[in-house]
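> Mind folding the following:
(one chain, ligands or ions: 1)
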Amino acid sequence: MTIAIVRGVSPSLAACELTHLARQPIDAARAALEHEDYQRCLATLGAELVRLPADPELPDSVFVEDAAVVLDELAIITRPGAASRRAETAAIADALRLYRDLAFIEEPATVDGGDVLVVGRRVYVGLSSRTSAAGVAQVRQVLEPLGYRVTIMAVDGCLHLKSAVTQVAPDTVLINRTWVDSDAFRGMRLVEVDPTEPHAANALRIRDSVVYPAAFEHTQDRLCRLGIRVVPVDISELSKAEGGVTCCSLIVPV
Ligand code: CIR
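Below you'll find the model as predicted:
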C-alpha cells in the first residue's frame, strides 16, 4: 500500500517564500482546486490519502515534501532553510510517526526535503539556498549506517535539487543539466527537459506512473516517447508559489 500525506492549501499562500520567481497575485482558492485535482490523481494511482488541515499561519505548508524525507527504514524530519517554514514540521512528524521511526535534523543545520532525491540506495542531497553543508552532513550521518550512499550535489539556478532532477522510471532521471551536474547520474538513462521548459524536471513517480505538470507539453512528449506513463495535472497557480508536483505530497510505502 502507498500512503500520500498532503496538507490543505493555506489561505495565506500568497505570502509564500519566493526565491527565483517574481511575486505575482496568487489565488489560494484556485490553488486549492488544483490541489484537490492533484489528490484525486494520487488516489487514482492507488495512493491512500492522509489529509492534514490547512494552517492559515503557515503560507507554504501545502508543500509538505520539504518537512521530511521518507525512506523504508525511517523518516527524517527536516529543519527547513526558510525560518518561516520551520513550524511546518510538527504536524508532519505527528503524521509520519504512525508509519516510521523518526530522526531529526538539529539546529543550526538546515535541510529542505526538496533537496533530497532518493534513487534506490543512493541519496543525492542538494546544497542549495535552503540546505546547508551541515544539513547534508546530518543526512549522511543518519543514512550511511543504513547502507545508503549519500552524494552531495551543487544546485545552481533553481530552488531545490528536485527542481533540477527527479526519477521517472527505473534507472532513469529527468534532468535540467544547466542547474545540476549530470555526472553523478552516470550509468543511468538521462532524459533532458526540453530547452524551452527549464522548470520541467520535477516529476512525481508513483508506482509505474509519473504525475506531471500539464504545462510542460514538450518534455511530456519526450517522456511518453520513452514509454513512460504520464498523468498530467494542472498546477499553474501552485507554481506561482514556486511549488511543483513532488512538493505537494509525502509518499510513504507501507
Ligand atoms: C518555498 O519557497 O519554500 C515555497 N514557496 C515553495 C516550496 C517548493 N518545494 C519544493 O519544491 N520541494
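> Residue 119: how many residues sit nearby?
17 (other Cβ atoms under 10 Å). Heads up, the C-betas are built off the backbone N, CA and C, glycines and all.
> wait, residue 108
8.
> Tell me who's in contact with it.
Each residue near residue 108 by Cβ atoms under 8 Å, 6 or more residues apart in numbering is listed here: 132, 134.
> Mind telling me which residue of the protein is nearest the ligand?
Closest to the ligand within the chain is residue 114: 2.5 Å, counting by Cβ to the nearest ligand atom.
> Run a quick check on that residue versus residue 158, I expect a contact.
No - between residue 114 and residue 158 there is no contact under Cβ atoms under 8 Å: 9.9 Å.
> out of those two, which sits in the busier spot?
Taking other Cβ under 10 Å, residue 114 and residue 158 do not tie; residue 114 has more neighbours (30 against 25).
> Check the secondary structure at the more buried one for me.
Recorded secondary structure, residue 114: helix (DSSP: H, G, I helix; E, B strand; the rest coil).
> rewinding a little: contacts only, for the residue of the chain closest to the ligand.
Residue 114 makes contact with 63, 65, 66, 126, 130, 159, 160, 161, 162, 163, 246, 247 under the criterion Cβ under 8 Å, 6+ apart.
> what does the stretch 151-254 of the chain put close to the ligand?
Residues of the stretch 151-254 of the chain that fall close to the ligand, judged by Cβ under 6 Å from any ligand atom: 159, 160, 241, 242, 243, 244, 247.
> thinking again about what came up before, tabulate the contacts of residue 114 in CSV, adding columns for secondary structure and pLDDT.
Shown next, in CSV, are the contacts of residue 114 (DSSP: H, G, I helix; E, B strand; the rest coil; pLDDT from 0 to 100):
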residue, secondary structure, pLDDT
63, coil, 98
65, helix, 98
66, helix, 98
126, strand, 98
130, coil, 98
159, coil, 97
160, coil, 98
161, helix, 98
162, helix, 98
163, helix, 98
246, helix, 98
247, helix, 98
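> and which of those residues is nearest to residue 179?
Nearest to residue 179, judged by Cβ to Cβ, of these is residue 163 at 6.9 Å.
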